[in-house]
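Undergrad: Quick one: sequence and predicted model below, then my questions.
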Amino acid sequence: MTSKSHSVAEIATALGATAHGDTTLRIARAAEPQTARAGDLAIATSQRYADALSAGQAQVGLLWDGADWQALGLKAAIIPNRPRYAMSGVTRLLDPGQGFGTGIHPAAIIDPSAELGEGVHIGPFTVIGPGARIGAGSIIGPQCFIGWNATLGPGAFLREGVSIGARVSIGARFIAQPGARIGGDGFSFVTPERSAVEATRSTLGDRQDAAGQSWTRIHSLGAVTLGDDIEIGMNAVIDCGTIRDTVVGDRTKIDNLVHIGHNCTIGTDCLICGCVGIAGSVDIGNFVVLGGQVGVSDNIFIGDGVIAGGGSKLMSNVPAGRSVLGYPAVKMDTHIETYKASRRLPRLMRDIAALQKAVFKSGASD
């Protein structure tokens with residue numbers, strides 16, 4: 001596949017940035033400063049990358065505000081207001097894609113009742129089920145599955161091996177990485193009589209002589225509803241709701257290996273990082289960030305703007321605007337103070353032992 005090429009002026013215009021030097025130079029690839037070649041755009045977004053530029057052969061750099069691009073030996077430079085944010089625009093312009101073909105591959109299986117919008121591309125060995133609807137301009141990669149009566153809005157991009165279950169509804173510009181699974185049944189099981197788990201939960205430890213019993217499945221009658229501009233990472237999963245749908249709001253981004261349980265409601269503009277596990281019936285507000293390996297207990301509420309540090313375990317409601325850390329999660333500054341105190345415990349125990357020894361020795365001499 002031929003790489004995309006853009007002039008320095010075109011890139012600067014797309015980023016809303018300032019261009020300096022020879023703006024006719026063409027760029028086909030982004031590179032780190034020390035490995036950049038002629039024709040590359042060296043990504044040097046702060047002063048600490050200045051020395052690395054001299055190790056490479058870049059002629060053009062994406063630089064920080066105030067950088068002396070001529071002193072750095074460059075022929076041209078692009079200087080945005082916020083270099084880190086400019087990375088989103090640069091990578092979009094220079095993304096070579098996945099090399100998927102166009103049109104409908106002859107090895108795809110598409111039910112006659114499915115509806116495909118204009119310009120939809122379907123890869124080999126993909127199955128599109130009855131009643132499925134796929135919006136215009138969508139790209140469905142190889143070995144994907146779109147279930148019965150599922151709906152994808154326009155501009156969807158599904159990488160290889162993505163599965164969308166029956167009745168799932170997804171908005172515009174959805175992106176799914178390889179192996180993402182949306183619309184499996186929720187993990188819902190019940191016993192004929194009150195179980196040991198229910199007793200333990202209500203008493204915080206007392207099983208109340210509950211007998212062992214077999215588990216009976218509760219079927220998932222709900223589906224999954226996703227808003228616009230959502231992205232889901234590799235091998236992440238979202239369960240269907242039991243009666244109502246599991247819902248994820250617009251522009252929320254979900255990382256690899258995330259599990260979102262049945263009946264959850266997640267707001268807009270959330271960031272759910274890798275290996276997060278969210279149990280069933282959790283209500284999450286807008287602009288929430290859950291760091292890697294955060295665990296969320298079922299049936300709790302997380303307010304708008306909450307930030308949970310990596311590895312935290314949220315076991316009770318978290319009010320809006322709070323930053324939390326730890327297991328169980330508490331205010332971040334409280335956790336840090338507690339951690340510092342725990343680091344001092346060995347020294348404190350030695351001091352106590354020394355005091356005890358001194359007191360006992362003094363008492364014996366009397």
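TA: Sure, I can see it. Quick caveat: nothing in here was measured; it's all calculated off a predicted structure.

Undergrad: Break down this structure into its helices, ranges please.
TA: With DSSP state H as the criterion, the chain has helices at 8-15, 50-55, 83-94, 196-203, 332-365.

Undergrad: any idea which of these is most buried?
TA: helix 8-15 (a mean of 19; mean count of other C-beta atoms under 10 Å). For the C-beta atoms, the positions are set from N, CA and C on the backbone; glycine is no exception.

Undergrad: any chance of the helices of the chain in TSV, with distance to residue 184 too?
TA: Putting these into TSV (distance: least, C-beta to C-beta, whole Å) gives the following:
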stretch	distance to residue 184
helix 8-15	39
helix 50-55	46
helix 83-94	31
helix 196-203	22
helix 332-365	34
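
Undergrad: Export those helices to TSV and append columns for mean pLDDT and distance to residue 152.
TA: Shown next, in TSV, are the helices of the chain (pLDDT from 0 to 100; distance: least, C-beta to C-beta, whole Å):
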stretch	mean pLDDT	distance to residue 152
helix 8-15	96	27
helix 50-55	89	42
helix 83-94	93	21
helix 196-203	88	38
helix 332-365	86	39
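
Undergrad: what's the closest of the ones you listed to residue 255?
TA: Residue 255 lies closest to helix 83-94 among these, at 16.6 Å (C-beta to C-beta).

Undergrad: Dump the closest one to PDB, restricted to CA.
TA: C-alpha atoms of helix 83-94 as PDB (Å, rounded to 0.1, in the frame of the first residue of the first chain):
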ATOM      1  CA  PRO A  83       1.900  19.500  20.700                       C
ATOM      2  CA  ARG A  84       0.400  16.500  22.500                       C
ATOM      3  CA  TYR A  85      -3.000  17.200  21.100                       C
ATOM      4  CA  ALA A  86      -1.500  17.800  17.600                       C
ATOM      5  CA  MET A  87      -0.400  14.200  17.700                       C
ATOM      6  CA  SER A  88      -4.100  13.200  17.100                       C
ATOM      7  CA  GLY A  89      -4.200  15.200  13.900                       C
ATOM      8  CA  VAL A  90      -0.800  14.000  12.700                       C
ATOM      9  CA  THR A  91      -1.400  10.400  13.200                       C
ATOM     10  CA  ARG A  92      -4.800  10.700  11.500                       C
ATOM     11  CA  LEU A  93      -3.300  12.200   8.400                       C
ATOM     12  CA  LEU A  94      -0.400   9.700   8.200                       C
END
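
Undergrad: If you compare the directions of it and helix 8-15, what angle comes out?
TA: 120 degrees (axes from the mean of the first three to the mean of the last three C-alpha atoms, to 10 degrees).

Undergrad: From the contact counts, what lies against helix 83-94?
TA: In terms of contacts (3 or more C-beta pairs under 8 Å, 6 or more residues apart in numbering; DSSP states H and E), helix 83-94 is packed against helix 8-15, strand 29-31, strand 40-43, strand 60-62.

Undergrad: where does it sit relative to the chain's centre, distance-wise?
TA: Put simply, helix 83-94 sits 18 Å off its chain's centre (C-alpha atoms, centre = their mean, to the nearest Å).

Undergrad: Okay, strands next: where are they in the stretch 251-366 of the chain?
TA: Counting by DSSP state E, counting those that start in this stretch, the stretch 251-366 of the chain has strands at residues 253-254, 259-260, 265-266, 271-272, 277-278, 283-284, 289-290, 295-296, 301-302, 307-308, 313-314, 323-325, 330-331.

Undergrad: what would those look like in a markdown table with distance to residue 99 and mean pLDDT?
TA: Shown next, in a markdown table, are the strands of the stretch 251-366 of the chain (distance: least, C-beta to C-beta, whole Å; pLDDT from 0 to 100):
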| stretch | distance to residue 99 | mean pLDDT |
| --- | --- | --- |
| strand 253-254 | 24 | 98 |
| strand 259-260 | 30 | 98 |
| strand 265-266 | 33 | 98 |
| strand 271-272 | 29 | 98 |
| strand 277-278 | 34 | 98 |
| strand 283-284 | 36 | 98 |
| strand 289-290 | 33 | 98 |
| strand 295-296 | 38 | 98 |
| strand 301-302 | 40 | 98 |
| strand 307-308 | 38 | 98 |
| strand 313-314 | 41 | 98 |
| strand 323-325 | 42 | 97 |
| strand 330-331 | 48 | 92 |
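
Undergrad: Out of these, flag the one nearest residue 6.
TA: Comparing the strands of the stretch 251-366 of the chain by their distance to residue 6 (C-beta to C-beta), the top pick is strand 253-254, with 26.1 Å.

Undergrad: gap between that closest one and the chain center?
TA: Distance of strand 253-254 from its chain centroid, counting by C-alpha atoms, centre = their mean, is 3 Å.

Undergrad: Could you name the helices and strands sitting against it?
TA: strand 231-232, strand 271-272.

Undergrad: Let me know which of the ones you listed is tucked in deepest.
TA: Across the helices and strands packed on strand 253-254, averaging neighbours per residue (mean count of other C-beta under 10 Å) puts strand 231-232 on top, at a mean of 23.

Undergrad: Each with direction, which strands does that one pair with?
TA: strand 175-176 (parallel), strand 253-254 (parallel) (DSSP bridges).

Undergrad: Would you mind measuring the gap between the ends of stretch 270-285?
TA: 8 Å (C-alpha to C-alpha, to the nearest Å).

Undergrad: Ok, stretch 4-24 next?
TA: The first and last residues of stretch 4-24 sit 15 Å apart, counting by C-alpha to C-alpha.

Undergrad: if we look at that stretch, which residues are touching it?
TA: 25-28, 41, 60, 69-70, 74-81, 86, 89-90, 93-96 (C-beta atoms under 8 Å, 6 or more residues apart in numbering).

Undergrad: same question, stretch 56-66
TA: Here stretch 56-66 makes contact (C-beta under 8 Å, 6+ apart) with 8, 21, 25, 27, 30-47, 53, 67, 69, 72, 74-81, 83, 86-87, 90.
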